[in-house]
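>>> Below are the sequence and a predicted model for it; my questions follow.
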Amino acid sequence: MPNSHYYGLILAGGRGTRFWPRSRKRSAKQVLNVFGDRSLIQATVDRLAPLIAPERLWILTSRELREEIVRQLPEIPKNQILAEPAQRNTAPAIGLAAQILTSQDSDAVMGVFPADHLVGKPGAFRQVLRAAFRGAQAGRLMVVGIQPRWPETGYGYIEFPRGAEAGGVEAVAVKRFHEKPPLARAKRYVAAGNFYWNSGMFFWQAGVLLEGLRRHLPR
């Protein structure tokens, strides 16, 4: 059953340039049926439904895609599908969503999700999300890491202390975030064994996030 204090922000503003020519400005990959008969963003909402009710989902997209997303997701209130006037860093948009949520629910715990993930085991995936939400509800800032299967240069990496357990749904402290590396460095990360891919999924109390933004990004 969905928790009444859990909220989701789905980031769906990308243009999907790496998926060109199928993905275009007005039909980016997140609104395409890439796997099966549901678009990527529809599949994202489907995966989250057992945890987050549609009325507690917010979507951040572009002006060009908003109309199509509204059409594809009639279960999401239209006023919760937001169009960015211009593509900028996601931090201000996430901060705005956190402000809206805290004004509605002082105990709001929010998860941030990319709209274009492929998840092969949705049940196990939701088990991880539940653990992340629980950690966030306890006041921690949580991120989901993915054990790397190859030295990928298109993802950021999360470094955690050597010897820490990161299997299953156990949470470990993050030592450092690393930007997308060149191939040689990515190979070192994978060989080291204490680096995970950064999934782009983050969890926190909305109020805790706002305090962090005021402290570290006051402008």
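All right, it came through fine.
>>> longest strand in the chain, by residue count?
Criterion DSSP state E: the longest strand present in the chain is strand 195-205.
>>> average model confidence for that one?
Mean pLDDT, strand 195-205: 96.
>>> Which neighbouring elements make contact with it?
The contact analysis (3 or more C-beta pairs under 8 Å, 6 or more residues apart in numbering; DSSP states H and E) places strand 195-205 against strand 109-114, helix 122-137, strand 142-146, strand 157-159. Heads up, the C-betas are built off the backbone N, CA and C, glycines and all.
>>> Tabulate the ones you listed (JSON lines), appending mean pLDDT, distance to residue 182 and mean neighbour count.
Supplementary listing: the helices and strands packed on strand 195-205 in JSON lines, determined by pLDDT from 0 to 100; distance: least, C-beta to C-beta, whole Å; neighbours: other C-beta atoms under 10 Å:
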{"stretch": "strand 109-114", "mean pLDDT": "97", "distance to residue 182": "23", "mean neighbour count": "23"}
{"stretch": "helix 122-137", "mean pLDDT": "94", "distance to residue 182": "29", "mean neighbour count": "17"}
{"stretch": "strand 142-146", "mean pLDDT": "95", "distance to residue 182": "20", "mean neighbour count": "20"}
{"stretch": "strand 157-159", "mean pLDDT": "98", "distance to residue 182": "12", "mean neighbour count": "20"}
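>>> If you count neighbours, what's buried in the strand or helix carrying residue 187?
If you go by DSSP states H and E, residue 187 is part of helix 183-192. The neighbour-count check on helix 183-192 (16 or more other C-beta atoms under 10 Å) flags 186, 189-190 as buried.
>>> With stretch 147-155 instead?
Using 16+ other C-beta under 10 Å as the test for burial, stretch 147-155 gives 148, 151-152, 155.
>>> And the furthest pair within those residues?
With C-beta to C-beta as the measure, no two of the buried residues of stretch 147-155 lie farther apart than 151 and 155, at 10.1 Å.
>>> quick one: low-confidence parts of the chain?
1, 14-27, 86-89, 165-169, 219 (pLDDT under 70).
>>> Residue nearest the middle of it, spatially speaking?
The centroid of the chain falls nearest to residue 113 when counting by C-alpha atoms, centre = their mean (2.1 Å).
>>> out of everything not next to it in sequence, what's closest to it?
Residue nearest to residue 113 in three dimensions, not counting chain neighbours: residue 10, with 5.1 Å by C-beta to C-beta, 6 or more residues apart in numbering.
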